[in-house]
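Trainee: Have a look at this prediction, sequence included:
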Amino acid sequence: MLRMVDSQSGEPVEGMKVQGGFQREMWNAVSDADGKIAIKGTTGTSLFLNLDGSEIGYTRWWSEEAASDRERLQFPPTGIQWNFDNLTFDPPAEGEKQVTIYLENGVRMEGIVRDPDGKPVEGATVTPSVYGSGSPFSSYGHDRRFDATTDKAGRFRLLLPASHQVKMALTAHDGPYSARRTWANGVVGPFTTEPGETMNRLEIRLTSPAIIRGRVVTPEGTPPKVRQRVSAHGTDGAECAFVHPATYTNEEGYFELKHVRPGSTQVLVGSFSSPQNQPGSGNRVTVGANPDKPVEAVKLISREE
């Protein structure tokens, strides 16, 4: 037996959707007025649960009986609790009574995206991230459950996991992820949120785009043999990593970055995680992006084959 409980009140939660099962024996269920769901299928194998509380305002869940530490309650001082996904349980022991799953209320946000002139922007993407790193609330590029697209009036609504002590930000991107239209990204933040909180009348202003041009060379000063990815990152770490401006070099190693948010910007060739692309290696340069004057002659060194 599964029992869904509100993490703050301790009361049972009705209406929580669960898809679960043992190996290939999958089933769908919704918690009843007592917060309960009967476990179906053959025991003896691990129990897998996929939860969805979006219709009733829940965005995070955990259980002290879960098989993995990351599926239990943990709020590291410098990190965010990433309990948005599945729960897995070891094969239940004979006669085991019930598993308790704690559900945490999400944070509701509403606001509007405007262009630099104050006009509402339709079709903009609004996405959350951890402030200072730009880490998205999902590690999967195809996962859009915490995003919103603005309507004809430029308005958006979000239901997000609470950040607690972790600072977060919202990024507005002019268009879908795969496109860049007219304006550079806009951000709002940092701020922290608590379960059940409501934030209304948020306003995110898109920004006038800046341009950065330069060249990538090898340590020997020659163009790389393969085209290199170059990206621009605000040094405040406010923008979501999914929507950083990026481009590829041409055969001679030259690049042009468009739609760059104005301000202090780090231009990077390759990725932050590459062992060959550490600070001081020449793979990154900090410049001041200005929409009124393109940044020229940025030189980057690529050590990637």
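Mentor: Here it is on my side, so go on.

Trainee: pretty sure residue 84 is in contact with residue 161, am I right?
Mentor: Yes. Here residue 84 reaches residue 161: they are 6.0 Å apart, a contact under CB atoms under 8 Å. (C-beta placed from N, C-alpha, C; glycine too.)

Trainee: what about these two, which has more around it?
Mentor: residue 161 (24 against 19; other CB atoms under 10 Å).

Trainee: Could you check how far that one is from residue 193?
Mentor: 9 Å (CB to CB, to the nearest Å).

Trainee: Give the residues shared as contacts by these two.
Mentor: residue 107 (CB atoms under 8 Å, 6 or more residues apart in numbering).

Trainee: What count of nearby residues applies to residue 152?
Mentor: 8.

Trainee: okay but it is in contact with residue 121, surely?
Mentor: No. Taking contacts as CB under 8 Å, residue 152 lies outside contact range of residue 121: 10.1 Å.

Trainee: show me the contacts for the residue nearest the centre of the chain.
Mentor: When CA atoms, centre = their mean is applied to the chain, the residue found nearest the centroid is residue 136 (2.0 Å). Residues near residue 136 by CB under 8 Å, 6+ apart: 127-129, 240-242.

Trainee: and those residues as a markdown table, adding secondary structure and pLDDT?
Mentor: Below are these laid out as a markdown table (DSSP: H, G, I helix; E, B strand; the rest coil; pLDDT from 0 to 100):
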| residue | secondary structure | pLDDT |
| --- | --- | --- |
| 127 | strand | 95 |
| 128 | strand | 94 |
| 129 | strand | 92 |
| 240 | coil | 92 |
| 241 | helix | 89 |
| 242 | helix | 88 |
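
Trainee: Of the residues you listed, which pair is most distant in space?
Mentor: 128 and 241 (11.6 Å; CB to CB).

Trainee: These two - which one has more neighbours?
Mentor: Comparing residue 128 with residue 241 by other CB under 10 Å, the one with more neighbours is residue 128, at 25 against 18.

Trainee: neighbours of the residue lying closest to the more buried one once chain neighbours are set aside, just the number please.
Mentor: Counting by CB to CB, 6 or more residues apart in numbering, residue 128 lies nearest to residue 137, which is 5.0 Å off, once chain neighbours are set aside. Neighbourhood size, residue 137 [other CB under 10 Å]: 21.
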